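K.L.:
I'd like to go over a predicted model; first the sequence, then the structure.
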Amino acid sequence: MNRILFPVLGLVIFIFGCGNNDTVPNDKSDESNNLETVLDSTEYFEKAIFADASSPTPYWNRAAWHLRNARVREGLFDLDLALEADSTYGPAWSAKADALYLMQRFEKCIEHLDVCLELSPEHVPCKLRRAEMHIHLNQFDEAFSVLNDALRIDDQIAEAYWMKGMIYRESGELDNALSSFQTSVEVNPSFFDGYIALGIAYGATSNPLAVDYYNSAIGLRPRSVEAKYNLAMYYQELMLEEAPARSIALEKALALYVSIIEIDSMNASAAFNSGYIYLEYLQDYENADFWFSEAIVRLPYYHQAFFNRGLARESMQLNSEALEDYNSALKLKPDYTQAALAKSRVLGES
């Protein structure tokens, strides 16, 4: 598949966030002002381990602390200690597999997941990650089997329905994909990825329901570049027969791209797409020139931006500047046929 189904760091946090927090103090105590400092210390975790050295939980908690602070080696060491304390402790197996995934040691990751499922067959995070690995390998039947096992344990797992939807979508079963995505947000109305998936699915057929789903995603994460970008692309690619309606859609797309740049000032794609709208749809070549230039500032090797800026400048009769842009595009991509043809055209007119 083209897309990684789980944001890796997000899943690390998810796995650790689902653990046993019995050793964590109540943050409503009188010492709450010092809680963050206390928790973020070696002393705190060593005391917890000393108090219950035979339990895997305090080692697992310290591993979570290490991994949240990018100390992968220390985190793996503590996960091994957790498994020495209890070799069937599913959270440690799944967390270790996830750390291996972060390190791109995928075969080892799969080995640990298989051990996890053997020793802790009811541990849902291991099932979800194992299903994902099956999907990466296009082993869809195996993925379905693992996901259905997870749903037999807990039929309210939004991620499982979403992953089934992704498999259906890859297999061309769009109705089943939509049904699975819909179920994912029904069981968890705060499930961001489900709304994104629904937006993409409905947007592919220009169904206005896409707007509702993207807006739901934005409501959950107002600063999400992904949700805003997808919605902008929906408006940009919406082919409406009536010119006023088409103009409104393009204005909405442009506003969203500006919003994206306010969130992510180095987002070259938002700048490029703005330029493309001005060039291709609005024939506003000055604004097109401006936004393609902004894209190039953000991504100096953006050969498409040089080419399109060349088109805008050629349309304004700025042939020398256009020629420079076509040459820049060809320098970055020597086999860029469109730029070569445009260069020949400009030279023929000179």
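P.N.:
On my side now, so go ahead. Source: prediction; values computed, not measured.

K.L.:
and the helices in the stretch 251-350 of the chain?
P.N.:
268-276, 285-298, 303-315, 319-332, 337-349 (DSSP state H, counting those that start in this stretch).

K.L.:
same question for the stretch 1-150 of the chain.
P.N.:
Using DSSP H, counting those that start in this stretch, helices in the stretch 1-150 of the chain cover 8-17, 35-39, 42-51, 57-68, 72-85, 90-102, 106-119, 124-136, 140-153.

K.L.:
quickly find the element holding M163.
P.N.:
helix 158-170 (DSSP states H and E).

K.L.:
other SSEs contacting that helix?
P.N.:
The contact analysis (3 or more C-beta pairs under 8 Å, 6 or more residues apart in numbering; DSSP states H and E) places helix 158-170 against helix 124-136, helix 140-153, helix 174-187, helix 192-203. C-beta here means a position set from N, CA and C on the backbone, and glycine is covered the same way.

K.L.:
report the inter-axis angle for it versus helix 140-153.
P.N.:
Angle of helix 158-170 versus helix 140-153, following axes from the mean of the first three to the mean of the last three C-alpha atoms, to 10 degrees, is 150 degrees.

K.L.:
quick one: distance of helix 158-170 to the chain centre.
P.N.:
Offset of helix 158-170 from its chain centre (C-alpha atoms, centre = their mean, to the nearest Å): 15 Å.

K.L.:
what's the answer for stretch 313-329, then?
P.N.:
Counting by C-alpha atoms, centre = their mean, stretch 313-329 comes out at 36 Å from the chain centroid.

K.L.:
and for stretch 245-252?
P.N.:
Distance of stretch 245-252 from the chain centroid (C-alpha atoms, centre = their mean) equals 27 Å.

K.L.:
send the alpha carbons of it over as PDB?
P.N.:
What follows is stretch 245-252, C-alpha atoms only, in PDB (Å, rounded to 0.1, in the frame of the first residue of the first chain):
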ATOM      1  CA  ALA A 245     -20.000  28.300  -8.100                       C
ATOM      2  CA  ARG A 246     -16.700  27.300  -9.500                       C
ATOM      3  CA  SER A 247     -15.200  30.600  -8.500                       C
ATOM      4  CA  ILE A 248     -16.400  30.200  -4.900                       C
ATOM      5  CA  ALA A 249     -14.900  26.700  -4.700                       C
ATOM      6  CA  LEU A 250     -11.500  28.100  -5.900                       C
ATOM      7  CA  GLU A 251     -11.700  30.900  -3.400                       C
ATOM      8  CA  LYS A 252     -12.300  28.400  -0.600                       C
END
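
K.L.:
may I see the buried residues of it?
P.N.:
In terms of neighbour count (16 or more other C-beta atoms under 10 Å), stretch 245-252 has its buried residues at A249, L250, K252.

K.L.:
between the residues you listed, which sits nearest F50?
P.N.:
Nearest to F50, judged by C-beta to C-beta, of the buried residues of stretch 245-252 is K252 at 59.2 Å.

K.L.:
so who does that closest one touch?
P.N.:
The contact partners of K252, taken as C-beta atoms under 8 Å, 6 or more residues apart in numbering, are A232, Y235.

K.L.:
check L311 too.
P.N.:
L279, A288, A322, A342.

K.L.:
and it, what pLDDT?
P.N.:
Note on L311: pLDDT of 98.

K.L.:
do the same with C18
P.N.:
For C18, the model assigns a pLDDT of 43.

K.L.:
re earlier: next, give me the two most distant ones among the contacts of L311.
P.N.:
Greatest spatial distance in the contacts of L311: A288 and A342, 14.7 Å, computed using C-beta to C-beta.

K.L.:
of those two, who's got more company?
P.N.:
Neighbour count, other C-beta atoms under 10 Å: between A288 and A342, A288 has more, with 25 against 21.

K.L.:
now the more buried one: how far from E262?
P.N.:
Distance, A288 to E262, by C-beta to C-beta, to the nearest Å: 21 Å.

K.L.:
pLDDT weak spots in this protein?
P.N.:
1-40, 349-350 (pLDDT under 70).

K.L.:
ok, now with 50
P.N.:
1-37 (pLDDT under 50).

K.L.:
walk me through the domains of it.
P.N.:
By the assignment in automatic domain parsing, the chain contains the domains 1-25+35-117, 267-272+282-350.

K.L.:
what sits against S216?
P.N.:
S216 touches V185, Y195, counting by C-beta under 8 Å, 6+ apart.

K.L.:
and if you look at Y59?
P.N.:
I49, D78, L79, L81, A82, A85, A92.

K.L.:
quick one: the spatially closest residue to the last one that is not a sequence neighbour and G75, what's the gap?
P.N.:
This points to A92. Nearest non-adjacent residue to A92, counting by C-beta to C-beta, 6 or more residues apart in numbering: A82, 4.0 Å away. A82 is 11 Å from G75, where distance means C-beta to C-beta.

K.L.:
how about V124?
P.N.:
Relative to G75, and taking C-beta to C-beta, V124 is found at 21 Å.
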